[in-house]
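In: Just need the structure, nothing else, for what follows:
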Amino acid sequence: MKFTILVADDEKNIREGLAEYLALEGYIVQTAADGKEALRKVEDGNVDLVITDLKMPALSGGEVLKTVSGRYPGLPVIVLTGHGTIEDAVDAMRYGAFDFLTKPVNLDHLALLCKRALETRELSRKNLELQAEVEAQRRSSSIIGSSQEMKRIFDLLRRVAPTKASVLITGESGVGKELVADALHNLSPRRAGPLVKVHCAALAESLLESELFGHEKGAFTGAQGRKRGRFELANEGTLFLDEIGEINQNVQIKILRVLQERKFERVGGEETVETDVRIVAATNKDLKKEIAEGRFREDLFYRLNVVNIHVPPLRERRDDIPLLAMSFLREFAQENGKKVEGLDPKARSALYAWSWPGNVRELRNCMESAVVMARSSLVGLEDLPPSVRSSGEEVDIRVPAGSSLAEAEKILIRETLAAQNGNKSRTAEILGIGRKTLYQKLEDYGLEAKEAQEAEEKHG
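Out: Below is the predicted model:
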């Protein structure tokens, strides 16, 4: 896929000369003899970069620049003039020009500027797309992700949420099991009722039973009055039991009874309390191993595990990293009053490469730190924590001595693409270029893309 550049200049020789040169560089080129024609072609769409002379009849390049900057934010404009002054340059940059060049134009410098401008546009597009996707997912659910693994979870949520079935959510610490429980409740017919959460590992064994089932006055030292437990408080709603693998056998038996009979007694009481509550439990433990070692009741496991939703670790769903990172970035930018709008390619590549042992929780902390440290509107590699900053996909690529720069770039792209199993998104991130730029280079160098495309569809 090639980029399209519009060249606007009232001098025919310059206009056609630039068009011919840029076409040889691999771009699709459109031309315009004045500012009005240039704006018409921009309005028609499919223009990725505008190169305009400053002095033109009918409508000046300055007016073209102002109009494009106002109506088409993100579309870069390079301004040319044969009568350049510092004032002209300042005005052009003030109105959003990507850069300002005087005639006669240094073609090598122009080619470099075009490359940088188009990569900046691609980065802007990618960040805007991520922001839009994050916003869309926020409206529909508290969970964010676009990987195949998360699509499977979204499908399970849609099918399971409307039912009364108990759900067991499994996965490593920090993967977002509580968010899955939130989504189950919010998508269910019980969403108007309470969602009550109990973090079982945070309560001492002596207190957990009272927290879950309540107690009567005088049931134990310090019980000065009746207290309703979480099962009672969650009536007609959802009860989320986090870290269910940490509860003792005595409490396990009582929870099993509630699941079977929908009734219980408060600690120290004789009155039977009925409850209509849906149980959602979560654990980072292997409960089948806990059963085999006698620490967890098998009958309770099967009552809880009517439907299992396993949330994979972040290292197994790396395609979710950009969306999650952008969501956290926006949250902390707003919280800290900073205008941080996205990630630069090197920072995004480092996020992809890190193994994330702390999963989504670690990524969230990383982005909070990055926003605080950010020096510009984009989080850079230097803004990330040292452990993440030093990570990367290390691929041993050999370039024969005497190779041209073009040959070296071709080898680098080919070997990096192969190392990423044909995944163009990750390849572009590692190389620090836009995906559209990668497609263009694959085409320019005659690299076979069919197998790479099949590998990408298979792996990511």
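In: Just the pLDDT for the most centrally placed residue in the chain.
Out: Centroid-nearest residue in the chain, with CA atoms, centre = their mean: L323, separated by 1.1 Å. On pLDDT, L323 comes in at 85.
In: so it sits right up against S146, yeah?
Out: Yes: contact criterion CB atoms under 8 Å: L323 and S146 qualify, at 5.8 Å. Just so you know, the C-beta spots here come from the backbone N, C-alpha and C atoms, and that holds for glycine as well.
In: returning to that earlier point: could you confirm the residue nearest to the centre of the chain falls within a helix?
Out: Yes: when DSSP: H, G, I helix; E, B strand; the rest coil is applied, L323 is found to be in a helix.
In: Which strands or helices does the helix or strand harbouring L442 pack on?
Out: Using DSSP states H and E, L442 sits within helix 435-444. Helix 435-444 sits against helix 107-140, helix 405-419, helix 424-431, with contacts defined as 3 or more CB pairs under 8 Å, 6 or more residues apart in numbering; DSSP states H and E.
In: just those helices: most buried one?
Out: Ranked by mean neighbour count, those are led by helix 424-431 with a mean of 23 (mean count of other CB atoms under 10 Å).
In: May I have that one exported as CSV, CA atoms only?
Out: Backbone C-alpha positions of helix 424-431 (Å, rounded to 0.1, in the frame of the first residue of the first chain) are rendered in CSV as follows:
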residue,chain,number,x,y,z
LYS,A,424,3.3,-7.2,10.7
SER,A,425,1.9,-5.3,13.7
ARG,A,426,4.7,-6.5,16.0
THR,A,427,7.3,-6.2,13.2
ALA,A,428,6.4,-2.5,12.6
GLU,A,429,6.5,-1.9,16.4
ILE,A,430,9.9,-3.4,16.8
LEU,A,431,11.3,-1.5,13.7
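In: Okay, angle between it and helix 405-419 too, please.
Out: 130 degrees (axes from the mean of the first three to the mean of the last three CA atoms, to 10 degrees).
In: what's the neighbour count on V64?
Out: 27 (other CB atoms under 10 Å).
In: shouldn't it be in contact with A38?
Out: Yes: if you go by CB under 8 Å, V64 and A38 touch, sitting 5.3 Å apart.
In: residues bridging contact with these two, i.e. touching both?
Out: Any residue near both V64 and A38 by CB atoms under 8 Å, 6 or more residues apart in numbering counts here, and that gives A8, V50, T52.
In: which other helices and strands contact the strand or helix carrying the last one?
Out: Counting by DSSP H and E, the secondary-structure element that holds T52 is strand 49-53. Under the contact criterion of 3+ CB pairs under 8 Å, 6+ apart, the helices and strands touching strand 49-53 comprise strand 4-8, helix 35-43, helix 61-71, strand 77-81, helix 107-140.
In: Would you convert these into JSON lines that also reports mean pLDDT?
Out: JSON lines is the format used below for those (pLDDT from 0 to 100):
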{"stretch": "strand 4-8", "mean pLDDT": "94"}
{"stretch": "helix 35-43", "mean pLDDT": "91"}
{"stretch": "helix 61-71", "mean pLDDT": "86"}
{"stretch": "strand 77-81", "mean pLDDT": "88"}
{"stretch": "helix 107-140", "mean pLDDT": "73"}
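In: Kindly reformat the ones you listed as JSON lines containing distance to K227.
Out: Below are those laid out as JSON lines (distance: least, CB to CB, whole Å):
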{"stretch": "strand 4-8", "distance to K227": "70"}
{"stretch": "helix 35-43", "distance to K227": "69"}
{"stretch": "helix 61-71", "distance to K227": "63"}
{"stretch": "strand 77-81", "distance to K227": "68"}
{"stretch": "helix 107-140", "distance to K227": "37"}
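In: rewinding a little: and the contacts of the helix holding L442?
Out: With CB under 8 Å, 6+ apart as the test, helix 435-444 has contacts from 1-3, 26, 118-119, 122, 126, 409, 413, 424-425, 427-428, 431, 433, 447, 449, 452.
In: So which bits of that helix are buried?
Out: Across helix 435-444, burial judged by 16 or more other CB atoms under 10 Å covers R435, K436, T437, L438, Q440, K441, L442.
In: Ramachandran coordinates for H185?
Out: With angles defined as degrees, to the nearest 10, H185 sits at phi -70, psi -50.
In: Do I have it right that it meets V196?
Out: No: the pair H185 / V196 is not scored as a contact, 9.7 Å apart, by CB under 8 Å.
In: ok, those two, which is more surrounded?
Out: More neighbours surround H185 than the other of H185 and V196, with 22 against 19 (other CB under 10 Å).
In: and the more buried one, what is it in contact with?
Out: Applying CB under 8 Å, 6+ apart, the residues contacting H185 are R191, L195, G237, T238, F240, V280.
In: Could you report the pLDDT at the third one?
Out: To tie it back to what came earlier, the one meant is G237. Looking at G237, its pLDDT stands at 95.
In: Surely it touches V277?
Out: Yes: with contact defined as CB under 8 Å, G237 counts as touching V277 (6.6 Å).
In: Who has more neighbours out of the two?
Out: V277 (23 against 20).
In: can you pull out the strands in the stretch 251-400 of the chain?
Out: Secondary structure of the stretch 251-400 of the chain (DSSP state E, counting those that start in this stretch): strands located at 263-265, 272-274, 278-283, 307-310, 342-343, 378-379.
In: Quickly, which of the ones you listed bottoms out on average pLDDT?
Out: When I compare the strands of the stretch 251-400 of the chain, strand 342-343 is least confident, with a mean of 86.
In: which secondary structure elements does it contact?
Out: helix 107-140, helix 321-336, strand 378-379.
In: okay, those in a markdown table with distance to L351 next?
Out: Output for the helices and strands packed on strand 342-343, formatted as a markdown table (distance: least, CB to CB, whole Å):
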| stretch | distance to L351 |
| --- | --- |
| helix 107-140 | 12 |
| helix 321-336 | 5 |
| strand 378-379 | 9 |
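In: Show me where this structure dips below the pLDDT cut-off.
Out: For the chain, applying pLDDT under 70 flags the ranges 1, 83-90, 127-142, 391-399, 402, 419-421, 448-460.
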